[in-house]
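K.L.:
Based on what follows, work out the 3D shape:
(one chain, ligands or ions: 1)
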Amino acid sequence: MLKITNVNKVFNAGTVNEKIALRNVNLHVKKGEFITVIGSNGAGKSTMMNMISGGLTPDNGSIQIDGKDVTRLAEHQRAGLIGRVFQDPMAGTAPNMTIEENLAIALGRGKRRTLGFGVNNQKRELFREQLKQLDQGLENRLKTKVGFLSGGQRQALSLLMATFTEPKILLLDEHTAALDPKRAQLIVDLTEKIVERYKLTTIMVTHNMEQALNMGNRLLMLHDGGIILDIPDEKKRTMKPQDLLRAFETARGGESFSEDRFLLT
Ligand SMILES: Nc1ncnc2c1ncn2[C@@H]1O[C@H](COP(=O)(O)OP(=O)(O)OP(=O)(O)O)[C@@H](O)[C@H]1O
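P.N.:
Okay, here's the model as predicted:
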């Protein structure tokens with residue numbers, strides 16, 4: 001479903017600020033795989049996600065989604081293939097528009113504008129049905145402006161909007177990190193429910209090792225621009241956060257993981 005081949009990305013090449021963000025990254029993701037991605041600050045996680053979404057173009061190498069070479073396609077040109085939820089609950093929705101208007105935009109994502117983003121009763125019925133699965137009572141608040149919703153409700157709506165049209169790839173960018181533990185758990189449960197229901201191919205970045213181990217069926221660890229660990233489902237299920245830290249140390253030839261955000265989670 002996703003094939004990243006020999007992708008490199010260097011920022012500010014040839015200057016004193018040169019930074020290698022991705023080093024020869026190769027990744028094949030099968031249809032229906034749910035990958036969790038962890039890595040220290042600056043490891044290259046966001047850069048990798050932005051390469052897949054089209055926000056960044058690789059210096060070399062290629063990216064294929066569902067057999068189509070998208071390496072040089074701009075973000076809007078591949079929007080129909082990708083759903084994305086960001087860390088910031090404000091990022092995925094338009095606060096001054098109502099819930100139904102936001103959903104109408106999500107429904108039209110990747111389609112030609114001429115199809116229209118208007119809301120009719122048929123669409124309203126579909127929206128209500130979809131919103132019910134969030135268990136937030138939002139199906140009765142179609143005309144509420146999204147800016148009035150709580151962070152958790154907005155993130156639940158973002159998740160629904162990102163998956164509405166069953167994208168080829170779902171990108172989750174630390175999408176529970178800004179929420180309190182109770183709301184974060186709600187979004188975790190909802191994510192698992194939606195991913196399972198539509199069998200979505202999913203890549204989720206998280207700083208929470210428990211979450212990385214408990215969710216999904218494959219785990220990647222990035223470090224210094226490269227994938228240093230690729231752990232399959234069977235092995236992942238038996239691991240605890242301490243095992244993950246040890247695996248990192250082994251992969252790095254004894255270097256210990258000194259990332260504060262990791263040790264705190
Ligand atoms: N636009 C940019 N210009 C210059 N350097 C950049 C840019 N974007 C990222 N970098 C650098 O590339 C490296 C990888 O960054 P990236 O944001 O992908 O890491 P990350 O794993 O997502 O980290 P974090 O967990 O802190 O978000 C970092 O050293 C970062 O400073």
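K.L.:
In this structure, which residue is most central in space?
P.N.:
Taking Cα atoms, centre = their mean as the criterion, L172 is the residue nearest the geometric centre of the chain, at 1.7 Å.
K.L.:
excluding its backbone neighbours, what's nearest it?
P.N.:
Using Cβ to Cβ, 6 or more residues apart in numbering and skipping residues adjacent in sequence, the residue nearest L172 is M204, 3.9 Å away. C-beta: built from backbone N, CA, C; applies to glycine.
K.L.:
ok, the one you found - contacts?
P.N.:
F34, I35, T36, V37, L171, L172, H175, T191, M215, G216 (Cβ atoms under 8 Å, 6 or more residues apart in numbering).
K.L.:
Without its sequence neighbours, what residue ends up closest to the fifth one?
P.N.:
With sequence-adjacent residues excluded and distances taken as Cβ to Cβ, 6+ apart, L171 is closest to R84, at 4.3 Å.
K.L.:
Please report phi then psi for the one you found.
P.N.:
phi -140, psi 140 (degrees, to the nearest 10).
K.L.:
L142: how many residues sit nearby?
P.N.:
The burial count assigned to L142 is 17, neighbours taken as other Cβ atoms under 10 Å.
K.L.:
Kindly report the same for E166.
P.N.:
For E166, using other Cβ under 10 Å, the count is 12.
K.L.:
quick one: the strands in the stretch 1-150 of the chain?
P.N.:
Ranges of strands in the stretch 1-150 of the chain, per DSSP state E, counting those that start in this stretch, are 2-11, 19-29, 34-39, 60-65, 68-69, 82-85.
K.L.:
can you check the stretch 151-265 of the chain too?
P.N.:
169-173, 201-205, 218-223, 226-232.
K.L.:
I appreciate the help and will end here.
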